[in-house]
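# Model the structure of this input:
(one chain, ligands or ions: 1)
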Amino acid sequence: MRTPLPDYLTEVLEVCGTDSSGELAAYIPELASADPDRLALGLCTVDGTGYTVGDGAVRFSIQSISKPFAYALALADLGLDAVLEKVGVEPSGEAFNEMSLEEDSGRPLNPMINAGAITVHALVGMDRVRRGFAAFAGRELEVDEAVSSSELATADRNRAIAYMLRNHGIVEDDPQQVVAGYTEQCSLLVDVTDLAAMAATLANGGTQPVTGEEVVPRWVARQVLSVMATCGMYDAAGDWFTTVGIPAKSGVSGGLIGSLPGRAGLAVLSPRLDKHGNSVRGVQVFERLSADMGMHLM
Ligand code: DON
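As a prediction, the model looks like this:
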């Protein structure tokens, strides 16, 4: 590529920045007040070089992008078999907040939908999430209390999911406490530089490229990237993988990460969402980067 990388990344944001379609997530009242025009892109290579362009200083709640990282911690702490007993690895083909449980076992189909992520949170707990996420990001993250309490006040669907999980013996703790913890996990504040470093840690086989810390073992990173590839974009996972072709995860505050194994982690912020709950311009930025930079894994 002839253009210097930061100039090229800025150009991509300019081209994709003109689209104002999509809607802010309204079911979490505090997210509905975000500035919809924010647009930022972060890239962190597996050798620890970082680039951030656009509104890189904006912090936002991590939301569902927390799910692969909490899953990684559960796998590292409890081992594959113990986690598979509670949460499967099959794409649900349904929305993120569906009550998708396997008929016989009552297991959530995968850890990227809310049912699976609530189960994973119950396995690891908020203290471990805080410590683990700090290691992934390379700095301590704080909870946005306004977002957390705003979501908790309207989290009846997640509470229903958690009660159903306890009914099936998948979650053993108090469903109210588990949802409160899961909601805090989703409310941790990040910027695209943090998310790019977190995604790069997975791309780098579990070792944080800037701090050099082995956050999770290589097999865990492989397991997480595989589940991101098949389930990370919910009911748009097939479209995503055929067009962009890298393991990814989206969140309702408009964040979107991608991990390109052995190469880099990328993160975009753009709050307007499509009907699947994925960032409209985030998807466009990734489509363009994938085409221009040959990121598609196939
Ligand atoms: O549990 C929820 O509904 C939110 N805390 C997270 C959902 C989310 O980010 C879905 N992603 N696009």
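# for stretch 133-145, which positions count as buried?
133, 135-138, 141, 143-144 (16 or more other C-beta atoms under 10 Å). Quick note: C-beta positions are derived from backbone N, CA and C, even for glycine.
# My guess is residue 179 contacts residue 162. True?
Yes: at 5.0 Å, residue 179 counts as touching residue 162 under the criterion of C-beta atoms under 8 Å.
# Most widely separated two among the buried residues of stretch 133-145?
Greatest spacing in the buried residues of stretch 133-145, by C-beta to C-beta: 135 and 144 (20.2 Å).
# Now do the same contact list for residue 155.
179, 183 (C-beta atoms under 8 Å, 6 or more residues apart in numbering).
# same check, this time on residue 230
89-91, 110, 237, 241.
# Tabulate the residues you listed in TSV, adding columns for secondary structure, neighbour count and distance to the ligand.
Below are those laid out as TSV (DSSP: H, G, I helix; E, B strand; the rest coil; neighbours: other C-beta atoms under 10 Å; distance: C-beta to the nearest ligand atom, whole Å):
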residue	secondary structure	neighbour count	distance to the ligand
89	coil	18	18
90	coil	14	18
91	coil	21	15
110	coil	23	13
237	helix	21	12
241	helix	19	16
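# Name the residues of the stretch 1-150 of the chain found near the ligand, please.
Proximity of the stretch 1-150 of the chain to the ligand is confined to 63-64, 96-97, 114 under the rule C-beta under 6 Å from any ligand atom.
# Of these, keep whichever come out buried.
63-64, 96-97, 114.
# Include pLDDT when you put those residues into TSV, please.
TSV is the format used below for those (pLDDT from 0 to 100):
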residue	pLDDT
63	98
64	98
96	93
97	93
114	97
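# Can you name the two of those that sit furthest apart?
Farthest-apart pair in these is 63 and 97; separation 11.9 Å (C-beta to C-beta).
# and the end-to-end length of stretch 199-218?
Start and end residues of stretch 199-218 are separated by 14 Å (C-alpha to C-alpha, to the nearest Å).
# Now do it: distance to the chain's middle.
16 Å (C-alpha atoms, centre = their mean, to the nearest Å).
# tell me the mean pLDDT for it?
The average pLDDT within stretch 199-218 is 98.
# Buried by neighbour count: which residues of that stretch qualify?
Buried residues in stretch 199-218 (16+ other C-beta under 10 Å): 199-211, 215-216.
# where exactly do the strands run in the stretch 1-150 of the chain?
Per DSSP state E, counting those that start in this stretch, the stretch 1-150 of the chain carries strands over the ranges 40-45, 50-54, 60-61.
# Over to the stretch 151-298 of the chain?
Ranges of strands in the stretch 151-298 of the chain, per DSSP E, counting those that start in this stretch, are 189-190, 248-250, 255-260, 264-269.
# Those strands into TSV, with extra columns for mean pLDDT?
Shown next, in TSV, are these (pLDDT from 0 to 100):
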stretch	mean pLDDT
strand 189-190	98
strand 248-250	97
strand 255-260	98
strand 264-269	98
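# closest one to the ligand among those strands?
For the strands of the stretch 151-298 of the chain, proximity to the ligand was assessed by C-beta to the nearest ligand atom; strand 248-250 is nearest, at 4.5 Å.
# Before I go, just wanted to say thanks for your time.
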